[in-house]
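Colleague: everything below, folded, please.
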Amino acid sequence: MKTKNLSHNGRQRSPARPAGFTLIELLVVIAIIAILAAMLLPALTRAKTKAQGIACINNLKQLQYAWLLYSGDNDDKIVRTGGLQALVTDPNDPAAQPGGPRSNWVLGEVNNTNEDLIRNGLLFPYANGLGIYKCPADRNTAPTGKPTLRSMSMNAWMNPFSDLSELDIQNYVAFRKQTDIRRPTDTWVTIDESHQTINDGWFLVGPHRPNVWDDVPATYHNRAGGLSFADGHAEIRKWTDNTVVNDPRDGGRRDPKSQDLPWLIERSTVRK
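Modeller: This is a model prediction of the structure:
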C-alpha cells in the first residue's frame, strides 16, 4: 500500500514544481534581450565606425610619413605618381623599377591582387606594411573573389609623370619638390577613394574641371572618408555631395548644393 505524501500537519503536499522556466517566462526573457540588443546595437555600430576611422587615420599618417621620408632621401623630390598610362601587370617589369619610366608610388590596377605590385612601388621601402594601403572599413573584393589590397590613391598633382593632358599644368602647379608646396597644412596627398572609381593610384580633381567628379572619395565611415596632408596630419571628412554619397561608378556632376568638390580642388593645387 502506497503512503501519501503528507506534510507535518497532516495535509497532502502539492507536487513539486518542475525545474526550469515556463514558456511565458522564456518569451519574456527573449523580449527583454531583444529590447536591450536594439538599444545597444546603434552604440556598438558607432563605436565600431569610430574605431575603424581611427585605424584609417593611422594608416594615412603612416603613408604620409613614408611620403615625406622618400623626399628626404631623394633631394626633396616628391615620389612619382601616374595614371592609367603608367599601369603595369608585372611587378617585375623593368620599366616599373626605380628609375624606370613607369616607376610609381604604387604599381598596378586595384583589382590585381598581386602583393608585389605594392611591394615594388617606390613608397613601400618607407611604408612596408601591406595593411596600411587599405582602409579597414573597405571590404571590397576583386573579380577573383580575393580582397583588394588598396583603397588609397594619391593627389594627381603630386609629381605626375603621365596623363599630363588631363592636368592644366600651364596654369596650375604640379608639385615636383616639397618646396613647391606653399601650404602644406592645406594640401592633401593621399585619399580613400570609392571602390566604384578606384583603378590606378592617381586621384584626379582640379580647377580646370570645377564641376565634375572624375574620381570619387570613399564614404566608408558613415558618409565620411580619410585624407592625409603634406604637413603629415590626416583627418576624416564628412562628405555631403550626392554624387559622392551615392557612390557612382564613373564619377559625375558636382552637386551644386555641396562645397565638397570646391573644398578638395582648393587643397589639390595652386595657381602659378
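Colleague: where does the chain have low pLDDT?
Modeller: Within the chain, the ranges that satisfy pLDDT under 70 run 1-21, 23, 25, 36-53, 163.
Colleague: show me where it has its strands.
Modeller: 152-155, 188-192, 202-203, 212-213, 224-229, 234-238, 252-253 (DSSP state E).
Colleague: tell me how many other residues crowd Asp93.
Modeller: 15 (other Cβ atoms under 10 Å). Placement of C-beta: from N, CA and C, glycine included.
Colleague: residue contacts, it?
Modeller: Asp93 makes contact with Gly100, Arg102, according to Cβ atoms under 8 Å, 6 or more residues apart in numbering.
Colleague: the same query, at a cut-off of 7 Å, please.
Modeller: Residues counted as contacts of Asp93 (Cβ atoms under 7 Å, 6 or more residues apart in numbering) are Arg102.
Colleague: quick one: it from Pro125, how far?
Modeller: Asp93 sits 18 Å away from Pro125, going by Cβ to Cβ, to the nearest Å.
Colleague: now the helices for this structure?
Modeller: Under the criterion DSSP state H, the chain contains helices at 23-73, 116-119, 242-245, 260-266.
Colleague: residues in contact with stretch 253-263?
Modeller: Val205, Asn211, Val212, Trp213, Trp239, Thr240, Asp241, Asn242, Thr243, Val244.
Colleague: from the residues you listed, which is closest to Thr187?
Modeller: Using Cβ to Cβ, Val205 comes nearest to Thr187 of these, at 12.5 Å.
Colleague: tell me how far the closest one lies from Trp188.
Modeller: 10 Å.
Colleague: hey, what's in contact with both of those two?
Modeller: Ser268.
Colleague: these two: who's more crowded?
Modeller: Val205 (27 against 23).
Colleague: how about the more buried one, what does it touch?
Modeller: Asp214, Asp215, Leu261, Leu264, Ile265, Ser268.
Colleague: hmm, try it at 6 Å
Modeller: Val205 makes contacts with Leu264, Ile265, Ser268, as judged by Cβ atoms under 6 Å, 6 or more residues apart in numbering.
Colleague: and if you look at Asp200?
Modeller: With contact taken as Cβ under 6 Å, 6+ apart, Asp200 is in contact with Gly83, Leu84, Leu87.
Colleague: please name the residues that touch the last one.
Modeller: Leu87 makes contact with Glu109, Asp200, according to Cβ under 6 Å, 6+ apart.
Colleague: phi, psi for it please.
Modeller: phi -70, psi 140 (degrees, to the nearest 10).
Colleague: that one and Glu109, how far apart?
Modeller: Using Cβ to Cβ, Leu87 is found at 6 Å from Glu109.
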